[in-house]
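1. Sequence first, then the predicted structure:
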Amino acid sequence: MLERLSERFQKFLKTVKGEGTLNSSNIDKALREVRLALLEADVNYKTVKEFVENLRERLQGKKVSSSFTPYQVVVKIVKDELTLLLGGQAEGILKNPRGTSVYMLEGLQGAGKTTTAGKLAAKLKKEGKVLLLSLDLKRAAAQEQLETIAKWSGVDFLPVEPPLEQAVEKARIFWTEGGYKFVIIDTAGRLHIDESLMSELARVKEILKPTETFFVADAMTGQDAVRSASKFLQDVGFDSVILTKLDGDARGGAALSIRHATGKPIKFIGVGEKLEDLEPFVPERIASRILGMGDILTLIEKTEEKIKEDEARRLAEKLKKQEFTLEDLRDQIRLLKKMGGLSKLISFLPNLGPVGKIDDKQLVHMEAIINSMTPKERRRPEILNGSRKRRIARGSGRPVSEVNRLLKGFFEMRRIMKSKQFKKFAKGIDISKFMS
């Protein structure tokens, strides 16, 4: 996510790395790189100008403490300014404390409203009953599409028919009597903004009176997303933004511009096609990712969502006893795949350079090799001789060299686990600390 923008910002940071002082010359050179990074990311020109001037004002005349290098000072200031540009503090979703919380999604066709409705439903159903419905009453397929999304998300769906007022009244009675805590409403979209769409959405919003209205924007469209958001805000109004498709070839301009342009917070970002690929938008964490500093907190949260307490406890016990087998390694590979793959997890870590360029196909190949072994071979890989390795290679469709490479890595892992340092570490593992 935001990979090109991140590369540019890291190039900018290199311009001050190794410098002994901050002066007009290296500040100007650094800010030129910042300006290029933002403009290449399709950030609004006025936003770029204001951001760069804010940076210049904070950097000029900045006294560098003997405890810090100019590089450290610049990183801190740039991160602070990026965080402010992205909205400062993370803002949670609005909720109705006295009844059902109703959320209306608006935006252009193709921005990902319907899929986002399903992802948001999956996230909210942990807190209570969720109902999905579509108030796109003109497009015949709208009801069917959202019903499919509701099944995918594991929540309820209510089909409705025109006229609009009766549809809303019927739905309101249904969700009130059904004790639904959350209702998510998809609305009509068009490929382009037109007056009929805006008047229709304004009418829907007036009748519905939602707890919170989300504008769903496609991050891939850059400044077009910002222009659309500004028009929707003017004609219909919304409370907050959900940015989709930030896992694609997005240059990042929408994420950096839309808050500044609309004054409305970004609440969530879509970073993939799976249900769980809707993340809360935390400005400080996004700023860290852009600067190549990683996002360990989000990584921890993702891990906690996927790993069960009994699995963590079993692994911890095996580490203590140095009983880690190829079957355990296969379990960890499957966990990595469930979490989106190794490359996705690495995107949350500080910049790793060439090490970070890992092909997720390697995980698939490793699992195939382990699956081609017998249970006895997975528990006691030291019995694997030449003929067994050739059989495993044929069964997995991988060359013998890959089988050898996997075993070499595994035996090296076991050697480390038997070292005094690792035994001391494993002995002190208290699983309750990880589960609290």
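-> That came through fine.

2. now Gly222, nearest residue through space, not along the chain?
-> Using Cβ to Cβ, 6 or more residues apart in numbering and skipping residues adjacent in sequence, the residue nearest Gly222 is Asp42, 3.6 Å away. (Glycine included, C-beta is placed from N, CA and C.)

3. do Gly112 as well
-> Nearest to Gly112 is Thr244, by Cβ to Cβ, 6+ apart, at 3.8 Å.

4. For the one you found, give me phi and psi.
-> Phi and psi for Thr244, reported as degrees, to the nearest 10, are phi -110, psi 160.

5. Please renumber the chain so that the first residue is 8 from this point on.
-> Let's use 8 as the start, then, which means that last one is Thr251.

6. any weak-confidence spans in this protein?
-> Applying pLDDT under 70 to the chain flags residues 8-12, 19, 22-28, 68-77, 255-259, 299-330, 343, 345-367, 424-443.

7. can you name the farthest residue from the center of it?
-> Among the C-alpha atoms of the chain, the one most distant from their mean position (Cα atoms, centre = their mean) is that of Ser394, at 45.0 Å.

8. next SSE after the helix or strand containing Ile34?
-> Using DSSP states H and E, Ile34 sits in helix 31-47. For helix 31-47, the following helix or strand on the C-terminal side (DSSP H and E) is helix 52-66.

9. Quickly list the domain ranges of this protein.
-> Split into domains by automatic domain parsing, the chain comes to 10-92, 108-298, 310-442.

10. so which of those domains is the most packed in?
-> The highest average neighbour count among the domains of the chain, using mean count of other Cβ atoms under 10 Å, belongs to domain 108-298 at a mean of 19.

11. Show me how far that domain is from its chain's centre.
-> 17 Å (Cα atoms, centre = their mean, to the nearest Å).

12. Span of stretch 45-53 from start to end?
-> 11 Å (Cα to Cα, to the nearest Å).

13. same thing with stretch 141-154?
-> Note: stretch 141-154 ends 9 Å apart using Cα to Cα.

14. how near is the residue farthest from the centre of the chain to Ile376?
-> Separation of Ser394 from Ile376 (Cβ to Cβ, to the nearest Å): 16 Å.

15. Ok, Phe16 next?
-> Following Cβ to Cβ, the distance that separates Phe16 from Ile376 is 39 Å.

16. swap in Ser247?
-> Distance from Ser247 to Ile376, by Cβ to Cβ: 47 Å.

17. What of Ser160?
-> In terms of Cβ to Cβ, Ser160 sits 35 Å off from Ile376.

18. With Phe164 instead?
-> Taken as Cβ to Cβ, the span from Phe164 to Ile376 is 43 Å.

19. How about Glu176?
-> 60 Å.

20. returning to what we had before: check contacts around the residue nearest to Gly119.
-> By Cβ atoms under 8 Å, 6 or more residues apart in numbering, Thr251 lies in contact with 118-119, 122-123, 223-226, 276-277.
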